[in-house]
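> Below are the sequence and a predicted model for it; my questions follow.
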Amino acid sequence: MAGTVHIGKAAKQAGISVDTIRFYQKLGLIKSPSRSAGGYRLFDGDQIHDLKFVRHAQVLGFSLTEVRELLALRQKHHACSEVQSMLKRKLADVREKIKSLDRLEAELAGALNNCNRELRLKREVRHEDCCPLLTKLDRMNGSKSNGHVSSGRKSGNK
């Protein structure tokens, strides 16, 4: 067939792996390609365009279910309001993730500052005795010890 390429070349042109193409095909995200006389998958320009569309939508953070919706909307006239609605939901999700990551960053920075402060205040420090992060994580688990056996620790058992 003129204008078709084997799966390896289609994968390279789309910037994805051969396994990803097979996965997309299995999910029905792309049309089944025609086959050569030897049984090899042959992809045309439209199918490669669809592969690139799926990849770019995923890069934007859309799930494969959302990509399926976008592919369907691509076939409709006047789909802008539906796409806009999807974009608003995705943007809200991204903003929430950013807030969550900001909180995580602050907590990790605080834990690092606490560890540095404790290390500056004490000499010959063992993490079992002073590490605020390990202590906090142990408390969050409802444990009084960190579960490590240390030769330097005294046990309550005799």
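The structure has been received and is ready for your questions.

> which residue ranges form the strands in the chain?
For the chain, the strands defined by DSSP state E cover 5-6, 34-35, 41-43.

> what ranges do the helices span in the chain?
For the chain, helices defined by DSSP state H occupy the ranges 7-14, 18-27, 45-59, 64-74, 80-121, 127-130, 132-140.

> Pick the most deeply packed of the strands of the chain.
Among these, ranked by average contacts under mean count of other Cβ atoms under 10 Å, first place goes to strand 41-43 (a mean of 21). Any C-beta I mention is one placed from the backbone N, CA and C, and that applies to glycine too.

> nearest to G38, of the helices of the chain?
Across the helices of the chain, G38 has its closest neighbour in helix 7-14 (12.4 Å, Cβ to Cβ).

> Compare the strands of the chain and give me the one nearest E69.
Closest approach to E69 among the strands of the chain is made by strand 41-43 (23.0 Å; Cβ to Cβ).

> Quick one: distance of that closest one to the chain centre.
29 Å (Cα atoms, centre = their mean, to the nearest Å).

> helices or strands up against it?
Contact analysis of strand 41-43 by 3 or more Cβ pairs under 8 Å, 6 or more residues apart in numbering; DSSP states H and E lists strand 5-6, helix 7-14, strand 34-35 as its packing neighbours.

> Quick check: which of these is nearest to V83?
Across those, V83 has its closest neighbour in helix 7-14 (21.9 Å, Cβ to Cβ).

> Would you mind getting the angle between the closest one and helix 18-27?
90 degrees (axes from the mean of the first three to the mean of the last three Cα atoms, to 10 degrees).

> so for helix 7-14, what's the average pLDDT?
Helix 7-14 carries an average pLDDT of 95.

> please begin residue numbering at 842 from this point
All right, first residue 842 from here; so that's helix 848-855.

> low-scoring stretches of the protein, by residue?
842-843, 963-971, 973, 984-999 (pLDDT under 70).

> what about 80?
Counting by pLDDT under 80, the chain shows low-confidence ranges at 842-843, 958-977, 982-999.

> Can you list the buried residues in stretch 876-896?
Within stretch 876-896, the residues that count as buried by 16 or more other Cβ atoms under 10 Å are R882, L883, F884, D885, Q888, I889, D891, L892, F894, V895, R896.

> ok, back up a step: columns distance to R909 on top of the helices and strands packed on strand 882-884, output as TSV?
Compiled in TSV, the helices and strands packed on strand 882-884 are given as follows (distance: least, Cβ to Cβ, whole Å):
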stretch	distance to R909
strand 846-847	24
helix 848-855	17
strand 875-876	22
